[in-house]
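> Got a sequence here, can you model it:
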Amino acid sequence: MAVDVDMKALFEAGVHFGHKTSSWHPKMAPYIHSKREESHIVDLAKTVEGLEKALPFLTKVVSSGKKVLFVGTKKHTKELVKAAAEATNQPYVTERWLGGTLTNVTTVNQQIKKLKDLERRMASGDLEKRYSKLEVQRYQEEIDLLNTRYGGIKDLNGKPGAVFVVDVIGDTNAVKEANVLDIPVVAIVDTNADPTPISYVIPGNDDAIKGVQLILDYAKAAILEGDSSSKPVINDKKEK
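You can find the predicted model right below:
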């Protein structure tokens with residue numbers, strides 16, 4: 001069952017408010033409805049259209065057994081992104097995007113392996129047995145640092161099936177790396193951004209907390225639908 005998109009809810013959440021006309025990107029022209037004072041207004045019909053293309057794609061990705069990597073490092077929305085990823089059991093990056101996160105998997109995997117090994121040794125008490133309290137504390141600090149950098153992707157095995165980006169300007173490196181690897185990018189694209197590198201454009205305000213939350217809620221619903229469809233159906237009928 002497809003996720004229903006409500007244009008009125010998008011309007012009430014402020015998804016239609018774009019940036020100042022002076023900072024617009026000309027390639028966003030097809031997604032702009034009008035101007036209000038000195039700001040552009042996003043065409044919400046295009047937003048609905050974008051979501052109606054993107055959401056079934058997310059469902060398909062997850063139902064095929066692949067992951068959707070959520071990316072959102074903007075200060076006031078990163079917790080929303082992290083919550084959406086955790087609610088759907090998907091990987092995420094909400095701190096600074098580290099160069100090579102997708103394209104230099106050898107180095108990244110080495111760091112994740114180190115993190116998991118330290119976590120295992122800390123949980124088993126091995127570090128406590130071998131080292132002083134101060135040294136154990138330093139190991140814990142290292143674990144915390146590695147988790148800040150890699151915690152959201154430490155269970156990501158292989159390439160994700162899609163990357164969902166909330167702020168394509170702030171996280172342009174994530175978009176670039178996904179493009180290099182031909183990983184489809186689903187993104188909220190504001191009026192000041194270039195939609196060209198984005199596979200599934202969701203035109204809208206990437207600053208409004210309510211708007212970002214609503215779009216993430218739609219994405220969550222689509223992913224959960226795909227996740228449920230990927231689980232095997234159990235036949236509990238008893239044989240006669």
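> Let me see the ranges of the strands in the chain.
Across the chain, reading from the start of the chain, the strands by DSSP state E fall at 17-20, 32-36, 39-42, 68-71, 92-93, 162-165, 185-189, 200-203.
> can you redo these as a markdown table with distance to Ile223, mean neighbour count and mean pLDDT?
All C-beta spots, glycine's among them, are computed from the backbone N, C-alpha and C. Conversion of the strands of the chain to a markdown table gives the following (distance: least, C-beta to C-beta, whole Å; neighbours: other C-beta atoms under 10 Å; pLDDT from 0 to 100):
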| stretch | distance to Ile223 | mean neighbour count | mean pLDDT |
| --- | --- | --- | --- |
| strand 17-20 | 26 | 20 | 95 |
| strand 32-36 | 29 | 14 | 94 |
| strand 39-42 | 24 | 20 | 97 |
| strand 68-71 | 6 | 28 | 98 |
| strand 92-93 | 12 | 26 | 98 |
| strand 162-165 | 9 | 28 | 98 |
| strand 185-189 | 11 | 28 | 98 |
| strand 200-203 | 14 | 26 | 98 |
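> State the distance from Ala83 to Thr94.
Going from Ala83 to Thr94 by C-beta to C-beta, to the nearest Å gives 10 Å.
> Rebuild the strands of the chain as a markdown table, extending it with distance to Glu141.
Rendered in a markdown table, the data for the strands of the chain read as follows (distance: least, C-beta to C-beta, whole Å):
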| stretch | distance to Glu141 |
| --- | --- |
| strand 17-20 | 40 |
| strand 32-36 | 48 |
| strand 39-42 | 44 |
| strand 68-71 | 26 |
| strand 92-93 | 21 |
| strand 162-165 | 30 |
| strand 185-189 | 34 |
| strand 200-203 | 39 |
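> Of these, which is nearest Asp117?
Using C-beta to C-beta as the criterion, the shortest distance between Asp117 and the strands of the chain is 21.5 Å, found for strand 92-93.
> Remind me what that closest one packs against, helices and strands.
Secondary-structure packing of strand 92-93 (3 or more C-beta pairs under 8 Å, 6 or more residues apart in numbering; DSSP states H and E): strand 68-71, helix 78-87.
> most packed of the ones you listed?
With neighbours defined as mean count of other C-beta atoms under 10 Å, those peak in mean count at strand 68-71, which reaches a mean of 28.
> What residues does Asp227 make contact with?
Contacts for Asp227 were tallied using C-beta atoms under 8 Å, 6 or more residues apart in numbering; they are 62-63, 88-89.
> Then Lys60?
Listed by C-beta under 8 Å, 6+ apart, the contact set of Lys60 reads Gly226.
> Mind doing that once more with 6 Å?
Under the criterion of C-beta atoms under 6 Å, 6 or more residues apart in numbering, Lys60 has no neighbours.
> Many thanks, I have nothing further to ask.
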